[in-house]
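Chemist: show me how the following folds:
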Amino acid sequence: MLLLSCPSTRQVERFLAHARESNHTYTEVGATAGLLPPLFTVDHNRILLGHGTSVWNKARDAVRRWEMFNLDWITLYWPSTPIRAGENVAVLARCLNCYWLNGCRIVYVVENSGRMHRFGFAYGTLEDHAESGEERFTVEWNRETDEVWYDILAFSRPHQFVVRIGYPFARRLQKRFAYDSKMAMVKAVDNG
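Modeler: Sure thing, here's the model as predicted:
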C-alpha cells in the first residue's frame, strides 16, 4: 500500500486486521525450505557473525526480536510479534518521501539442533504487498567450525504495477535491505 505520509498506529492496526483475511500472492508457499520456484528473482545473502555459544545465543535472540529490521528506513509492526507460523506483520519502507506498507505472514519456523543449529523463519507476501514472494531469515551455528552465520534467502517478483514499471529501482531497494539487514544483525550481536 503506497502512502504519502507515515501511517498512524490506528491505520496500521486496521491494515493488520485486514491482513488476517488476506491470501499469499504466490502459490509456492514454503519454497524457501526446499526447491526454489522458477520465474522469480532469487537473492541469497550471508554474513559471518562470529564464533561460539555466546554469539549463537545473541544471534538467535536478535532474530526473535526482529533486529534484522532495525533500520532507519524500515519500520516493523510489531517487533513483539512472536516467531510463529501464521503470525502477520506489516513492514513499512520509507523512500523518496513516500511510504510503502507491506503485509507478510510467517509461513514456517526453523528450529534445528545437531551438527548445524538453525533458528529463524520465512514469511510470505500478502495481497497488499508491493512484491510477490517469500523471504527466509535464519541464523546458523556450525558446531564443527564454531561459525555463526546470518542467512537471508528470498525469491520475489513485482506484484503491483508501480513496482513493475520501476523494477530496477525496486531491485536496488531489495539489495539495500539485504545489506542493511546484515549490518543490523552484526550490530545486534556486537551490542547484545
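
Chemist: what ranges do the strands span in the protein?
Modeler: 2-3, 41-51, 74-77, 88-95, 98-112, 116-125, 131-142, 147-158 (DSSP state E).

Chemist: looking at the ones you listed, which one is packed in the most?
Modeler: Highest mean neighbour count among the strands of the chain (mean count of other CB atoms under 10 Å): strand 131-142, with a mean of 23. C-beta: built from backbone N, CA, C; applies to glycine.

Chemist: what angle do that strand and strand 41-51 make?
Modeler: 30 degrees (axes from the mean of the first three to the mean of the last three CA atoms, to 10 degrees).

Chemist: CA atoms only: put strand 131-142 into CSV for me.
Modeler: Backbone C-alpha positions of strand 131-142 (Å, rounded to 0.1, in the frame of the first residue of the first chain) are rendered in CSV as follows:
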residue,chain,number,x,y,z
GLU,A,131,6.2,-7.7,-4.3
SER,A,132,5.2,-11.3,-4.5
GLY,A,133,7.4,-14.0,-2.9
GLU,A,134,9.0,-15.3,0.2
GLU,A,135,11.9,-14.5,2.4
ARG,A,136,13.7,-16.7,4.9
PHE,A,137,15.8,-15.2,7.8
THR,A,138,18.0,-17.7,9.7
VAL,A,139,21.0,-17.8,12.0
GLU,A,140,23.1,-20.9,11.8
TRP,A,141,25.8,-22.3,14.1
ASN,A,142,28.1,-24.9,12.6
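
Chemist: show me what that strand is packed up against.
Modeler: Applying 3 or more CB pairs under 8 Å, 6 or more residues apart in numbering; DSSP states H and E, we find strand 131-142 packed against helix 52-64, strand 98-112, strand 116-125, strand 147-158, helix 167-191.
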